[in-house]
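**Q** Sequence first, predicted model second:
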Amino acid sequence: MKHPHVFCQLDTLDRIYTAKEYELHQERQRPTLGYFELEEPIAKDSLVILELGYLNKAYRITVLKVTSCSQVGQNTYDVVAIEATRSLLDAAYVDQLVGVTLESSLKRISRHIGLKLKVQGVRTTTKTKTLWFLDSIRNALDQVWLVFELKQARWMINLFTSELVFLPLGKLEGDPLEIPMDYFKRETAGGIEMEIVPLLKPYAPVIWRGEEKIVDVSRINSKTGTQFISFAEAE
Amino acid sequence: MRLPQLTLFKLKKLILRLFPGLAGYHVIRYAKVTKVYEGSARDMVGAPAMAVDLQFLKHDFSKDNRFPEFGPIRLAGSSEFVQAPPSVGTFVLIHFPYWMSNTATVLAVLYLDRLVHPEEKSYQIRDAEKVKISAKSELILGEGDDRAVLGLELKGKLETLIDKVSYLADQVVILGSGGTSCGATLNSATAVQTTINLIKNDFIIIKTTLDETLSNIKIGLECDVSST
């Protein structure tokens, strides 16, 4: 099976910028980071929808905020953008939550940044706790994970639906995707390298060599035409 | 394209991801008590009964406006048998054991803004509105010849005394009824005399005990212990 060309574009809703080259770093519970080579400049602080696609079909990945745009050659601009979840996670959050469960604490945290809480799968019952948060949303989430002793569970922010999604098993629902061996390049110490497949993104359940795994990190480099994938470690 | 430069700010964020407790939970802070919880209840993991509300302070004891009043926050004591919550306005030390967001605990009370009379080798309970001391079996004051025991020892003597008085009353009843024969009356009279002598001895022992106990104890508002 011939691997199709995977294009990348930034959609401001007014217009679409197609990247000549791009690098993406995606990881569970971290904002996506992107480097793009564009033919035209794009305004700093612009919000853009990151899209990856092939065979004329584009898939919306997430929303990025442009943090810098610098001209590096004639009709060549280097653009750095980071997922808009960054500003939500960095928001200050100093609060006291008395007698909260895991779910009610997540609800309060998500409400503070204008998100709804969505719990995937079976709801987890926990004892109530009193929590004091002293820093940021990001830190509050990390503290909740510590206090309620969560292991494989993960949170995910979906900016298209304005949801904080609690994933008890650390992965998206649905049947696992079989990683196509046709696109496989090589195995490295930390994971595998393959042709770029936009659907292989963090939280996705996949089948690799007969075993079900969860994509933890995805690094895409269009210049080398490779996508590095590492899987979540069992906890 | 260039590699991103790892600035100190980014490094700090990465460290916070690895050690969320470093976001301020590791700091032992000054705080000021704003409310004291009263009333008896069992102090529970999720619901501390020995607790206060407080306001975090900066290192110079000024109010730290980044934080609202928090509480109820658990109080630690110097002993499980001493229950002495600080009063409103008292300065305390607060910490989050294990650097976690659910473990806030008041570690100690500071004497800031208090008139103090420290005396070496002296344990003082001063200026409290009320001092309550209770012991489940014995309350021992002093040591050696000055040792005084309040509690079971005295209670035991009093119980023996009550038994003897009760026996005496029975004998007096028999004596009053004249007995069924001359011999019975004589026996009751002898028993009454013996019991009265025993009771007298018991009273002397109890009086001596109380004299010894109370002679070294000064109780009451007028008692000035600071000069002794």
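**A** Looks like it arrived, so ask away. Residues are numbered from 1 along each chain as shown, chains lettered A, B, ... in the order given.
**Q** Can you pull the poorly scored residue ranges out of chain A?
**A** Under the criterion pLDDT under 70, the flagged ranges of chain A are A:1, A:235.
**Q** how many neighbours does residue A:116 have?
**A** Other residues near residue A:116 number 13, with proximity taken as other CB atoms under 10 Å in any protein chain shown. For glycine as for every other residue, the C-beta is placed from the backbone atoms N, C-alpha and C.
**Q** Specify the beta-bridge partners of the nearest residue to it once chain neighbours are set aside.
**A** Using CB to CB, 6 or more residues apart in numbering or on different chains and skipping the chain neighbours, the partner closest in space to residue A:116 is residue A:163 (5.2 Å). In this structure, residue A:163 bridges to residue A:116, residue A:158 when assessed by DSSP bridges.
**Q** In space, what's closest to residue A:75 - neighbours in sequence excluded?
**A** residue A:39 (4.8 Å).
**Q** Relative to residue A:73, how far out is that neighbour?
**A** Separation of residue A:39 from residue A:73 (CB to CB, to the nearest Å) stands at 10 Å.
**Q** go on, residue A:187?
**A** Distance, residue A:187 to residue A:73, using CB to CB: 36 Å.
**Q** who has more neighbours, those two?
**A** Ranked by neighbour count (other CB under 10 Å), residue A:187 and residue A:73 place residue A:187 first, with 12 against 8.
**Q** so the nearest residue to that one once chain neighbours are set aside is in which element?
**A** Using CB to CB, 6+ apart and skipping residues adjacent in sequence, the residue nearest residue A:187 is residue A:193, 7.7 Å away. Counting by DSSP states H and E, the element that carries residue A:193 is strand A:192-194.
**Q** Could you list the paired strands of that strand along with their orientation?
**A** strand A:184-187 (antiparallel), strand A:226-231 (antiparallel).
**Q** okay, and the helix or strand of chain B with the least pLDDT?
**A** Least confident helix or strand, chain B: strand B:148-151 with a mean of 67, by mean pLDDT, DSSP states H and E.
**Q** Tell me the first helix or strand C-terminal of that strand.
**A** Next along the chain after strand B:148-151, taking DSSP H and E as the criterion, comes helix B:152-176.
**Q** now the most centrally placed residue in chain B: how far from residue B:70?
**A** The residue at the geometric middle of chain B, judged as the C-alpha nearest the mean C-alpha position with CA atoms, centre = their mean, is residue B:82 (3.3 Å). When CB to CB is the yardstick, residue B:82 and residue B:70 sit 24 Å from each other.
**Q** same thing with residue B:47?
**A** Summarising the geometry, the distance separating residue B:47 from residue B:70, computed by CB to CB, is 15 Å.
**Q** which residues touch residue A:21?
**A** Applying CB atoms under 8 Å, 6 or more residues apart in numbering or on different chains to residue A:21 gives the contacts A:36, A:37, A:222, A:223, B:1.
**Q** ok, residue 160 - how many residues close by?
**A** I'll assume chain A. Other residues within reach of residue A:160, judged by other CB under 10 Å, total 10.
**Q** nope, chain B
**A** By other CB under 10 Å, 15 other residues sit near residue B:160.
**Q** Just confirm it contacts residue B:205, I think it does.
**A** No. Counting by CB atoms under 8 Å, residue B:205 is not a contact partner of residue B:160; they are 9.7 Å apart.
**Q** Can you show me the helices along chain A?
**A** Secondary structure of chain A (DSSP state H): helices at A:85-90, A:102-112, A:137-147.
**Q** I'd say the residue nearest to residue A:75 and residue A:20 touch.
**A** Yes. With contact defined as CB under 8 Å, residue A:39 reaches residue A:20; the gap is 6.5 Å.
**Q** Are there residues contacting both of those two? Which ones?
**A** Common neighbours of residue A:39 and residue A:20 (criterion: CB under 8 Å, 6+ apart): residue A:76.
**Q** Comparing the strands paired with strand A:192-194, which stretch has the densest surroundings?
**A** With neighbours defined by mean count of other CB atoms under 10 Å in any protein chain shown, none of the strands paired with strand A:192-194 is more surrounded on average than strand A:226-231, at a mean of 20.
**Q** Now do it: everything it contacts.
**A** Residues from elsewhere that reach strand A:226-231, judged by CB under 8 Å, 6+ apart: A:185, A:188, A:190-197, A:200, A:206, A:208, A:213-221.
**Q** for stretch B:10-26, what is the average pLDDT?
**A** Mean per-residue pLDDT for stretch B:10-26: 93.
**Q** rewinding a little: neighbour count winner among residue B:47 and residue B:70?
**A** Neighbour comparison, residue B:47 and residue B:70: the larger count goes to residue B:70, with 22 against 15 (by other CB under 10 Å).
**Q** Residue B:74 contacts residue B:97, doesn't it?
**A** No. Here residue B:74 lies out of contact with residue B:97, judged by CB under 8 Å, at a distance of 10.0 Å.
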